[in-house]
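Q: Okay, here's the prediction I keep looking at, along with the sequence it came from:
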Amino acid sequence: MKNIISVILFIYAVLAILTIVFFNGTGDAGDSVYHYLFAKYAPVHPELFFDQWAKPVYVLLACPFAQIGFAGVKIFNAIVSLTTIFLTFKIARELNIKNAVISAVIMIFTPLYYILTFSGLTEPLFALIIAVCIYLAVKQKYLATCLVLSFLPFVRSEGLIIIGVFGIWLLFKKQWKVLPFLLFASLLYSIAGYFVYHDFLWVFNKIPYAKLSSQYGSGKPFHFVVQLLYVVGVPIYILFWIGVISIIFRTIKKKIIREEQILIFIGFLCFFIAHSLFWHFGIFNSMGLKRVLIGVMPMIAVISLQGFNFITEDILSGKRILKMIIQGLLVGYIVIFPFTSNPAAINWRRDMMLNKDQQSANASVHFILNKKGTNSRVLCAHPYLCMVLNIDCFDKNKRLELTQNDIEQMKAGDIIIWENWFAVIESNIKKEDLDYNAGLINLYNLKTIDDGRDIIYSVYMKK
């Protein structure tokens, strides 16, 4: 088993290196790039280490890697994912779940998990911290579990949900004395961040999602049931729901380990239901993004492994040859699926390369650099533009937010780069607002179409 997992991890490491070298995508054109920018410029602006949107633990850990460019955060997340895959295997083995190595295969060939590994997003690190905590819990390292777990909300705010689940588990284990250590990171960051915000409660007061509303709307209650398919792909999706049935069945028969029952199954269920409710009721600024499920990927992998075992070990018990054939077919399907043309598989050009929006951003920046050079101050809403321009987006002498107030404060020669997504959705600035502004000159326009959606970029200069 040791040799098999070592080979699997080595193959994954090689695939990761090849992906970083040959694919220039960012995993996401917005948040992924913005997280990278926070990590890159935190040494210049130390307050960024305490930004609750950027997530303090992520900024701290990704910062050294971000200094070498966006490839640096890809390397960081690849190391994070490699470790998570290994720990998920270790968790399955510690829980005495058969075919533990299959959990690693499931992790590696989950389409969205692979895509987002090569991004600047926080979900892979969230998954790692969860894997570390579950592993420590299974090993009955209660104090260490609490200390590591206390940092989870500083990777993603949903960590508060997971802390609640672990708190219940600790109560079952009668580990009253270690419960206060779940607040360790909050106390640590409260003190450290006080010198930035002058507020000991900033760790709660600065959570950007703590509002019973969302500018992104709402959706159907079973939205994530459907979206899970586009996260894990068809074979793992089927195994996952079979695994859910298997765990429920074993819970009824009282043939399940408490750690698997509470930390993995109930942990996933609470996370899944919470996000479903957030999106359905349009609260906590939920966007209904399927990528949030990547944060609990170790739980999904173990539950899916139980589905794999239910088919091959329980149903086919005593049928050795048939079991081996079915196991081989299932593993083959899992491995091949990301390379198929299925909508839930990886579209290597769309998902792993710069998209048309980013290509348009590159063209717009190329025009500006040829026309004005790099000395003009820029107003823009799209974070990718700051990355391409290679400017410190937190330095107000180099870049301003695209807001009505900042537009009014423009000086002669300042540049606006407007596009029809971030500028409209995030900044509420319409193109006609700029076209009818007598103090602006329209220098450049570019329009392309991506999957039926118009992508428009316009460049303006202050007279």
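A: Happy to help now that I have it.
Q: for the stretch 201-350 of the chain, which spans come out with low pLDDT?
A: 210-211, 213 (pLDDT under 70).
Q: what about the strands in this structure?
A: Listed in chain order, the strands of the chain (DSSP state E) span 378-380, 399-400, 415-419, 440-450, 453-462.
Q: Just tell me which of the ones you listed ends up closest to Leu322.
A: The minimum distance between Leu322 and the strands of the chain falls on strand 440-450, with 47.0 Å, by C-beta to C-beta. For glycine as for every other residue, the C-beta is placed from the backbone atoms N, C-alpha and C.
Q: in its sheet, what does that closest one sit against?
A: Partners of strand 440-450 in the sheet, by DSSP bridges, are strand 453-462 (antiparallel).
Q: between the strands of the chain, which gets nearest to Gln215?
A: strand 415-419 (18.3 Å).
Q: now the angle between strand 453-462 and the closest one, please.
A: Between strand 415-419 and strand 453-462, the angle comes out at 170 degrees (axes from the mean of the first three to the mean of the last three C-alpha atoms, to 10 degrees).
Q: So which residue is dead centre in this structure?
A: For the chain, the residue nearest the mean C-alpha position is Glu123 (2.8 Å; C-alpha atoms, centre = their mean).
Q: From Gly27, how far off is that residue?
A: 10 Å (C-beta to C-beta, to the nearest Å).
Q: re earlier: please name whichever of the strands of the chain is nearest to Leu149.
A: Here strand 399-400 is closest among the strands of the chain (C-beta to C-beta), at 37.0 Å.
Q: Quick one: mean pLDDT for the closest one?
A: Regarding strand 399-400, the rounded mean pLDDT is 92.
Q: Could you do stretch 17-32 as well?
A: On average, stretch 17-32 scores 93.
Q: Can you mark which positions in that stretch are buried?
A: Residues Thr19, Ile20, Phe23, Gly25, Thr26, Gly27, Asp28, Ala29, Gly30, Asp31, Ser32 are the ones in stretch 17-32 that count as buried (16 or more other C-beta atoms under 10 Å).
Q: Stretch 128-143 too?
A: Quick answer for stretch 128-143 (16+ other C-beta under 10 Å): Leu128, Ile129, Ile130, Ala131, Val132, Cys133, Ile134, Tyr135, Leu136, Ala137, Val138, Tyr142.
Q: Surely the fourth one touches Val80?
A: No. At 9.9 Å, Ala131 and Val80 do not qualify as touching, with contact defined as C-beta atoms under 8 Å.
Q: what about Glu313, neighbour count?
A: 15 (other C-beta atoms under 10 Å).
Q: Likewise for Phe184?
A: 16.
Q: check contacts around the nearest residue in space to it that is not next to it in sequence.
A: Excluding the flanking residues, the one nearest Phe184 by C-beta to C-beta, 6 or more residues apart in numbering is Ser150, at 4.3 Å. Each residue near Ser150 by C-beta atoms under 8 Å, 6 or more residues apart in numbering is listed here: Ile163, Phe181, Leu182, Leu183, Phe184, Ala185, Ser186.
Q: follow-up on the earlier one: show me the buried residues of stretch 128-143 that map onto helices.
A: Among these, the members falling in helices (DSSP state H) are Leu128, Ile129, Ile130, Ala131, Val132, Cys133, Ile134, Tyr135, Leu136, Ala137, Val138, Tyr142.
Q: circling back to that earlier point, what about the contacts of Ser150, which one has the most neighbours?
A: Counting by other C-beta under 10 Å, Ala185 has the largest number of neighbours within the contacts of Ser150, with 23 neighbours.
Q: Which pLDDT value belongs to the closest residue to that one other than its chain neighbours?
A: Spatial nearest neighbour of Ala185, chain neighbours left out: Ser150 (3.8 Å); criterion: C-beta to C-beta, 6+ apart. Reported pLDDT at Ser150 in the predicted model: 97.
Q: What are the phi and psi values at Ser150?
A: phi -60, psi -20 (degrees, to the nearest 10).
Q: Same question for Ile346.
A: Taking degrees, to the nearest 10 as the convention, Ile346 sits at phi -80, psi 130.
Q: Does it touch Tyr113 like I think?
A: No. Between Ile346 and Tyr113 there is no contact under C-beta under 8 Å: 10.4 Å.
Q: Same drill for those two, tell me which one is more crowded.
A: Tyr113 (28 against 19).
Q: Leu293 is in contact with that one, correct?
A: No. If you go by C-beta under 8 Å, Tyr113 and Leu293 don't touch, sitting 9.3 Å apart.
Q: How many neighbouring residues does Val296 have?
A: The number of residues near Val296, taken as other C-beta under 10 Å, comes to 26.
Q: go on, the one 3 residues further on?
A: Taking other C-beta under 10 Å as the neighbour definition, Met299 ends up with a count of 27.
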